[in-house]
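Trainee: curious how this folds, go ahead:
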Amino acid sequence: MNEAVRAEVLAELDALRRASGVAAGHADLVREYSADGSECRIVFADLADGEVGELVRGERELARSGGYALEWKVYGHDRQQGLAAALEAAGFEPDEEEQVLVLPVDEAPSALCDTSGYDVRQVTDGAALDDYAEISRQIGRRNADEERRQLARLLEEQPDVMSVHIAYAQGEPVSCGRVHFQAGSPFAELAGARTKTTHRRQGFFTAVVGSRLRQARERGCALLVTDALPTSEPILRKRGFEVVTFTRPYIFEPEVPPS
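Mentor: Take a look at the predicted model:
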C-alpha cells in the first residue's frame with residue numbers, strides 16, 4: 001500500500017471513529033457508551049498538545065463520578081503528542097497493542113469468500129446469540145451475558161448496522177464474529193472474532209471472515225477494517241489484509257466503594 005492510499009484510508013478511518021460515538025462539548029473528542037452506561041470508550045481525540053494532560057484527568061474524573069469503566073483507544077497516527085504517557089500518569093492501564101488492518105473488498109482473494117465445507121450462519125434474532133455467548137464463555141470472556149443482551153438489543157433496534165456470523169461443527173457453535181456497517185462509510189468493520197479453544201487451527205476463524213466479507217461485498221462496501229491481536233494478525237495478513245496503523249486501549253476502572 002503506497003503512502004497516498006494509506007493516508008486516504010486513515011482519513012476514512014478517522015471519519016468512522018468520529019461518527020461512531022457522541023462528541024464531547026469541550027473538545028474534539030468522541031465517546032461511545034454501552035447501552036447500560038456501565039462502560040465508555042473514547043474512540044477519537046484530536047487534542048492540542050498543551051491540553052492533553054488536563055483533558056485526560058478530566059475524563060478520568062467523569063468516569064470516577066459516573067461509576068463507569070473507561071477505555072481510551074490510542075492510535076499510532078493520532079496527532080497529539082504524549083497521550084499514552086498522560087494516560088499512564090493518570091492511572092490508566094495499557095492493554096495489548098493491536099494492529100489495524102484493512103482489505104480492499106475488490107482485491108480480496110476469491111478463495112476467502114468460499115466457505116463451502118463449513119456451516120456458517122448469519123444470526124437474525126436475539127435467541128441465536130446464546131450460541132455467541134457460549135463461545136465467549138468457553139474462551140474466558142468476561143460479561144458474556146451482558147454482551148449478549150447488548151447485541152440482541154442492537155439487532156432488534158438497528159438490524160442494518162450489525163450482523164453476527166457463527167460457525168458450527170456438527171451443530172455445536174465453535175467460532176463467531178460481527179460485522180458493523182455505517183451509512184455513508186466505505187468501511188465494513190470486523191469485530192468480536194473468537195473461536196473455541198477446542199476448534200482452533202481448523203479453518204473456522206477464516207470461514208467466519210469469509211462469510212462477513214461476502215456480506216460486505218453484497219452491501220457495496222469498499223474496505224474491510226479490523227483491529228487484530230498477534231494471534232489473528234498473521235492469519236489475516238496471509239489473506240491480503242495490510243497494516244495501516246496500530247491501536248492500544250488504555251483502561252481506567254474506578255474503585256467500587258465498600259458496601
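
Trainee: what strand or helix carries the nearest residue to Leu87 once chain neighbours are set aside?
Mentor: Of all residues not flanking Leu87 in the chain, Tyr250 sits nearest, at 4.2 Å (CB to CB, 6 or more residues apart in numbering). Any C-beta I mention is one placed from the backbone N, CA and C, and that applies to glycine too. Tyr250 is located in strand 242-252, with elements delineated by DSSP states H and E.

Trainee: name the residues that touch that strand?
Mentor: Applying CB atoms under 8 Å, 6 or more residues apart in numbering, the external contacts of strand 242-252 come out as 1, 6, 9-10, 13, 41, 60, 63, 69-77, 84, 87-88, 90-103, 227, 233, 237.

Trainee: show me the shaky parts of this structure.
Mentor: Scanning the chain with the threshold set as pLDDT under 70 gives 26-27, 256-259.

Trainee: now the lengthiest helix in it against strand 242-252, angle please.
Mentor: Counting residues, the longest helix found in the chain (DSSP state H) is helix 3-19. With axes from the mean of the first three to the mean of the last three CA atoms, to 10 degrees applied, the angle from helix 3-19 to strand 242-252 works out at 30 degrees.

Trainee: give me the distance from helix 3-19 to the chain's centre.
Mentor: 16 Å (CA atoms, centre = their mean, to the nearest Å).

Trainee: show me what that helix packs onto, helices and strands only.
Mentor: When contacts are defined as 3 or more CB pairs under 8 Å, 6 or more residues apart in numbering; DSSP states H and E, helix 3-19 packs onto strand 39-45, strand 187-195, strand 223-228, strand 242-252.

Trainee: which strands or helices does the following helix or strand past it pack on?
Mentor: Following helix 3-19 in sequence order, the next helix or strand is strand 22-23 (DSSP H and E). If contacts are counted by 3+ CB pairs under 8 Å, 6+ apart, strand 22-23 sits against strand 29-33.

Trainee: what does stretch 190-197 contact?
Mentor: Looking at what lies outside stretch 190-197 - CB under 8 Å, 6+ apart - the contacts are 132, 135-136, 138-139, 141, 164, 174-180, 204-205, 208-209, 212, 224-227, 232.

Trainee: for it, which residues meet the burial criterion?
Mentor: 190, 192-196 (16 or more other CB atoms under 10 Å).

Trainee: now flag whichever of those is closest to Ala48.
Mentor: Each of the buried residues of stretch 190-197 was checked against Ala48 using CB to CB; the closest is Leu190, at 32.9 Å.

Trainee: quick check: closest non-adjacent residue to that closest one.
Mentor: Thr226 (3.9 Å).

Trainee: just checking, that neighbour touches Arg239?
Mentor: No - the pair Thr226 / Arg239 is not scored as a contact, 11.5 Å apart, by CB atoms under 8 Å.

Trainee: would you list every one of the strands in the stretch 1-150 of the chain?
Mentor: 22-23, 29-33, 39-45, 69-75, 93-94, 98-104, 119-123 (DSSP state E, counting those that start in this stretch).

Trainee: just to revisit the earlier point, quick one: which of Thr226 and Arg239 has more around it?
Mentor: Thr226 (25 against 17; other CB atoms under 10 Å).

Trainee: just list whatever residues bridge to that one.
Mentor: Leu101, Leu190 (DSSP bridges).

Trainee: contact partners for it?
Mentor: So Thr226 contacts 100-101, 189-191, 193, 236, 241 (CB under 8 Å, 6+ apart).

Trainee: adding distance to Pro159, write these out as CSV.
Mentor: What follows is the contacts of Thr226, written out as CSV (distance: CB to CB, whole Å):
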residue, distance to Pro159
Val100, 27
Leu101, 26
Glu189, 16
Leu190, 18
Ala191, 17
Ala193, 21
Leu236, 27
Phe241, 27
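
Trainee: right, I'll call it a day here.
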